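**Student:** predicted model and sequence below, questions to follow.
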Number of protein chains: 2
Amino acid sequence: MITQKAKYALRALSALAQAEAGDPMMISDIATQQKIPKKFLEQILLDLKHQGIVISRRGKQGGYLLRKPAEEITFGEILRIIDGPIAPLPCLSITAYRRCEDCDGEQTCEIRHVFARVADATRKVLFSTTIADAAALP
Amino acid sequence: MITQKAKYALRALSALAQAEAGDPMMISDIATQQKIPKKFLEQILLDLKHQGIVISRRGKQGGYLLRKPAEEITFGEILRIIDGPIAPLPCLSITAYRRCEDCDGEQTCEIRHVFARVADATRKVLFSTTIADAAALP
DNA sequence: TTTAATGTCTATAGAAATAGTAGAGTTACA
DNA sequence: TGTAACTCTACTATTTCTATAGACATTAAA
């Protein structure tokens, strides 16, 4: 299961993708429209800003904007930022590889190569789907 | 990420699959061989017993056995028992469906159909791979 | 029939993750 | 200069994860 936070992040980005281009959208508008707790959403958007996904304008008439075209923001990259590694095992993570301490070597691990296939299949979907795809829907 | 518990469960079952057919394997032997904390493994095997995956014999010469051929035990069914639903969203779970409260309808949800594809891809791997595949390796 | 070895079951506990909430601070437009 | 917006840090309640502890039940073998 992905976290609630990741769900919120993806839906918020989808809302931004649907907004007028160049016209910032306020946290409270996104929160209302997408039924996301406002203070929680603040944190999420701040994260996404720090990771270069969105930009913000402060003060009156402020709000958030996508930093790049929605077509270039994948589900995979957002999930990595919010929920961490995509891989089902630490020893299969591309961005946060960690050896399994209780495991006697990756070549002989009985389960590693199975989950390698899971990871591949998952990545194939997540990195080929963008926020634009999500926003396009009905 | 799957839990440590699920990793232990799959490796324990793989050990059972490699044991002499009909010859029960003791918890402590599995624990030593697979580097699993013994008391933790007890719980895991008990779960698997209650779910009909393994059978046990008590007393001297006791131990655990697979209840059905390793070829018929899939990774998917074990993960469901230990970690819960395979699906990345509650509203996509086959065994534990739950509506998303903050979501305005599953037809219009921007992210649901993306994760539906993730779930399909994941299930395809997890339910076509068995403990026998894991045990067969090197 | 006793004893030792084995699984069974319930309870407990510390650490980490999850899902928020609170509030003081900063910026910029009108 | 006022106020509407974002920024940042800290805090908290709940749940999940990863075990550990210990009393109990059963069985095989001496």
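**Tutor:** In hand now; what should we look at? Numbers count the residues shown, from 1 in each chain, chains lettered A, B, ... in the order given.

**Student:** tell me which strands and helices the worst-scoring helix or strand of chain A on mean pLDDT is in contact with?
**Tutor:** Ranking every helix and strand in chain A by mean pLDDT, DSSP states H and E puts helix A:131-136 at the bottom, with a mean of 94. Applying 3 or more C-beta pairs under 8 Å, 6 or more residues apart in numbering or on different chains; DSSP states H and E, one finds that helix A:131-136 contacts helix A:4-18, helix A:75-83. Every residue, glycine included, has its C-beta placed from N, CA and C.

**Student:** so which residues on chain A come close to DNA strand C?
**Tutor:** A:3-5, A:37, A:39-40, A:42-43, A:57-62, A:83 (C-beta under 7 Å from any atom of the strand).

**Student:** how about those residues, which pair is most distant?
**Tutor:** Across the residues of chain A next to DNA strand C, the longest distance by C-beta to C-beta is 33.9 Å; it joins A:60 and A:83.

**Student:** so for the two, which residue has more residues nearby?
**Tutor:** residue A:83 (17 against 5; other C-beta atoms under 10 Å in any protein chain shown).

**Student:** which non-adjacent residue is nearest that one?
**Tutor:** residue A:6 (4.8 Å; C-beta to C-beta, 6 or more residues apart in numbering or on different chains).

**Student:** what ranges does chain A have for its strands?
**Tutor:** A:54-57, A:63-66 (DSSP state E).

**Student:** wait, the residue nearest to residue A:83 sits on residue A:84?
**Tutor:** No - using C-beta atoms under 8 Å as the test, residue A:6 is too far from residue A:84 to be in contact (9.7 Å).

**Student:** could you give me the buried positions within stretch A:79-87?
**Tutor:** Under the neighbour-count criterion of 16 or more other C-beta atoms under 10 Å in any protein chain shown, stretch A:79-87 has A:79-83, A:85-87 buried.

**Student:** what's the neighbour count on residue A:22?
**Tutor:** Neighbours of residue A:22 (other C-beta under 10 Å): 6.
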